[in-house]
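Enquirer: Pasting the sequence and the predicted coordinates here, then a few questions.
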Amino acid sequence: MKISVAIDGPAGAGKSTIAKMVSERFNLMYINTGSMYRAVTLKAMEKGIAFNDIESLCELIDNMEMHFENNDLIVNEENVSDKLTMPEISNNVSNYAAVLEVRKKLVQIQRKISQKYNVIMDGRDIGTFVLKYASFKFFLTASAEERAKRRYKELVLKNVDVNYENILEEIKKRDYIDSTRKINPLKKAEDAIEIDSTNMSIEDVVNKICSCIQSKIS
Ligand code: DC
């Protein structure tokens, strides 16, 4: 039987850092579903396709071959990972991710990967929808201020010119859109273990998740 680990939570809760570390301990393929929504946003914006132009969006996704290599997202042979965290993409991704047709197509790709590999997948709707029957489910949270602080530090390290207040505002706006949208909103699955990482180190969170997994597989 395939192992699948679902990690959901709001923007900046530390999902991707933590999922990568857990993936190494258990030899799982790490699938960052947020980066798939970001890649659709990137390619759509490059081509001037608005989020309400459903037909063009569907055609765009049908012509995007996406796969992960060493935790990077490759789209039509291009490693797009560095472009995906730019503020322009962050500010627009929630609108594209709220489109039903976009979600249907990306969920289909995500489920296909999980049927082939042991995966750890992070996102917003993994435990509630994409991998409803995941072997393990976690819901990772942290205060909006702490999450904005982490994003700010991350972007400063990449030499991106940013402002903390703008990031906090963007995070709050995204939380609102992601958790109030009609289709598969951000929500804790009933059977997910909730971890508030506001006052926890990355190692503490990783150890907590790993011990939950380990206790059930050994
Ligand atoms: O995790 P992230 O910040 O990279 O996600 C980018 C956006 O994509 C986020 O605003 C919500 C959306 N998303 C989603 O709707 N469903 C997912 N499974 C993953 C991300």
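Expert: Great, that's in hand. Numbers count the residues shown, from 1 in each chain.
Enquirer: Helix, strand or coil: sort out residue 7 for me.
Expert: strand (DSSP: H, G, I helix; E, B strand; the rest coil).
Enquirer: Show residues contacting stretch 163-170.
Expert: For stretch 163-170, the surrounding residues in contact (C-beta atoms under 8 Å, 6 or more residues apart in numbering) are 87, 90, 91, 144, 145, 148, 149, 151, 152, 155. For the C-beta atoms, the positions are set from N, CA and C on the backbone; glycine is no exception.
Enquirer: what do you get for stretch 203-213?
Expert: 5, 7, 14, 18, 21-22, 25-26, 136, 138, 140, 193, 195, 197, 200.
Enquirer: let's see it at 6 Å
Expert: 18, 21, 22, 25, 136, 138, 195, 197 (C-beta atoms under 6 Å, 6 or more residues apart in numbering).
Enquirer: now, which of the residues you listed lie within helices?
Expert: Among those, the residues falling in helices (DSSP state H) are 18, 21, 22, 25.
Enquirer: Buried ones among those?
Expert: Among the ones in helices among the contacts of stretch 203-213, those buried by neighbour count (16 or more other C-beta atoms under 10 Å) are 18, 21, 22.
Enquirer: between those residues, which is closest to residue 52?
Expert: residue 18 (34.2 Å; C-beta to C-beta).
Enquirer: distance of that closest one from residue 9?
Expert: Distance, residue 18 to residue 9, by C-beta to C-beta, to the nearest Å: 10 Å.
Enquirer: and what of residue 184?
Expert: 14 Å.
Enquirer: Between the two, tell me which one has more neighbours.
Expert: residue 9 (26 against 19; other C-beta atoms under 10 Å).
Enquirer: quick one: low-confidence ranges for the protein?
Expert: Counting by pLDDT under 70, the chain contains low-confidence ranges at 218.
Enquirer: all helices of it, in order?
Expert: With DSSP H as the criterion, the chain has helices spanning 15-26, 33-46, 54-62, 87-97, 100-116, 144-157, 164-180, 202-217.
Enquirer: what's the most buried one of those helices?
Expert: helix 33-46 (a mean of 22; mean count of other C-beta atoms under 10 Å).
Enquirer: is it up against the ligand anywhere?
Expert: Yes. Using C-beta under 6 Å from any ligand atom, helix 33-46 comes into contact with the ligand via 33, 34, 35, 37, 38.
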